[in-house]
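with the input below, show me the fold.
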Amino acid sequence: MIYTVTFNPSLDYIIQVDHFTTGQINKTTYEKILPGGKGINVAIVLANFGHESTALGFMAGFTGKEIEHRLENFGCSSSFIQVKEGLSRINVKMKSDEETEINGMGPAIQQEDIDKLFDQLKVLTDQDVLVISGSIPKTLPDTMYEQIIEYVQPNHCKVVVDATNTLLMKVLRYHPFLIKPNNIELGEIFDVTLNTQEEVLPYAHKLQELGARNILVSMAGQGAVLLDENGKEYRLPAPKGNVINSVGAGDSMVAGFISGCIESNYDYEYAFLKGVCSGSASAFSENLCTKEEVETLMNIMK
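Predicted coordinates:
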């Protein structure tokens, strides 16, 4: 089973406002509501590929119930911890002459809620994959990633981490199965600018020396690189297409890589190809990628 953890899931209210002006009434010309959060995006793409997964995390109030309902509509299972105080957040993403985002706070997560999440993680085995991604809300300790990975280590499940800078660096000593920084995030870790695949690879090796098993680095229009746990390097250019919406592309790449591993019995070259094509297929669409869209790109890229 694949489990995803989203600490602060949301309802994303996506709107278009022509020539937004402050201090006046502005009317939308387009609107859509989607369940949001990096782990949730991974779960949706996995469902599109036909894989079962369970979305874990925290939810509260009527917005939390709506997140669960909309996930069900995507064919995803969830087992969120119901938090007593507050509401699951609503994030407003407005497209106008400039793009603007307003993100909600999320519920007040208590220690008893954290304990319930850890109880859920007891069932994980070496046959399971655990995806931890996204930021940590203020009501959680900044050591949550470390606590979770240390807790599940005796079960030998495969842990996937998609986080930035300090959060990522602190978990490397636990030897996560996969990490997925982008080239900008990787550069920030080592205080360098990384523009090419050749520049990225030495720093991927540094992360491997620090403990990561597989390092997948996304580079937007420059494609991606993979350093697998056997020390083999892979490079792919970005598939050609018209970028419509890059939100969720990185999460789709993670889902595609996991899916590719499962389908091929951990043939990393195949998993890398599926990951890259999944990220691009989502970027080329208003929605997260479908199985058919990814297979079309994979056939082109082979």
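
C-alpha from now on. contacts and neighbour counts both.
Noted.

just checking, next helix/strand downstream of the host helix or strand of Gly64?
Using DSSP states H and E, Gly64 sits within helix 61-73. Next along the chain after helix 61-73, taking DSSP H and E as the criterion, comes strand 77-78.

can you list contacts of that next one?
52-56, 68, 71-72 (C-alpha atoms under 8 Å, 6 or more residues apart in numbering).

pLDDT on it, on average?
Averaged over strand 77-78, pLDDT sits at 96.

partners of it, with directions?
strand 53-59 (parallel) (DSSP bridges).

picking up where we left off before, which elements pack onto the helix holding Gly64?
strand 10-17, strand 28-36, strand 77-78 (3 or more C-alpha pairs under 8 Å, 6 or more residues apart in numbering; DSSP states H and E).

next, format those as TSV and append distance to Val294 and mean neighbour count.
Formatted as TSV, the helices and strands packed on helix 61-73 follow (distance: least, C-alpha to C-alpha, whole Å; neighbours: other C-alpha atoms under 10 Å):
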stretch	distance to Val294	mean neighbour count
strand 10-17	24	20
strand 28-36	21	15
strand 77-78	22	20
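
so how many other residues sit close to the closest residue to Phe74 other than its chain neighbours?
Residue nearest to Phe74 in three dimensions, not counting chain neighbours: Ile44, with 6.3 Å by C-alpha to C-alpha, 6 or more residues apart in numbering. Close neighbours of Ile44, defined as other C-alpha atoms under 10 Å, add up to 29.

Ile44 contacts Cys76, correct?
Yes: taking C-alpha atoms under 8 Å as the definition, Ile44 is a contact partner of Cys76 at 6.4 Å.

now do the helices in the stretch 101-250 of the chain.
For the stretch 101-250 of the chain, applying DSSP state H, counting those that start in this stretch gives helices covering 111-121, 144-152, 165-171, 183-190, 197-209, 249-264.

what's the burial count for the residue lying closest to Ile189 once chain neighbours are set aside?
Among residues not flanking Ile189 along the chain, Asn165 sits closest, at 5.6 Å (C-alpha to C-alpha, 6+ apart). Residues near Asn165, counting by other C-alpha under 10 Å, number 14.

so for the residue nearest to Ser252 when sequence neighbours are not counted, what's the pLDDT?
Nearest non-adjacent residue to Ser252, counting by C-alpha to C-alpha, 6+ apart: Gly279, 4.9 Å away. pLDDT, Gly279: 97.

would Gly279 count as being in a helix?
Yes: Gly279: assigned to a helix according to DSSP: H, G, I helix; E, B strand; the rest coil.

so who does it touch?
248-253, 256, 289.

what's the distance between it and Gly248?
8 Å (C-alpha to C-alpha, to the nearest Å).

what's the burial count for the closest residue to Gly86 other than its chain neighbours?
Distances taken as C-alpha to C-alpha, 6+ apart put Pro107 closest to Gly86, at 4.2 Å, once the chain neighbours are dropped. Residues within reach of Pro107, counting by other C-alpha under 10 Å, total 24.

quick one, what contacts Pro107?
59-60, 83, 85-89.

again with Cys261
Per C-alpha under 8 Å, 6+ apart, neighbours of Cys261: 267-268, 270-271.

format those as TSV; extra columns: pLDDT.
Below are the contacts of Cys261 laid out as TSV (pLDDT from 0 to 100):
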residue	pLDDT
Asp267	98
Tyr268	98
Tyr270	98
Ala271	98
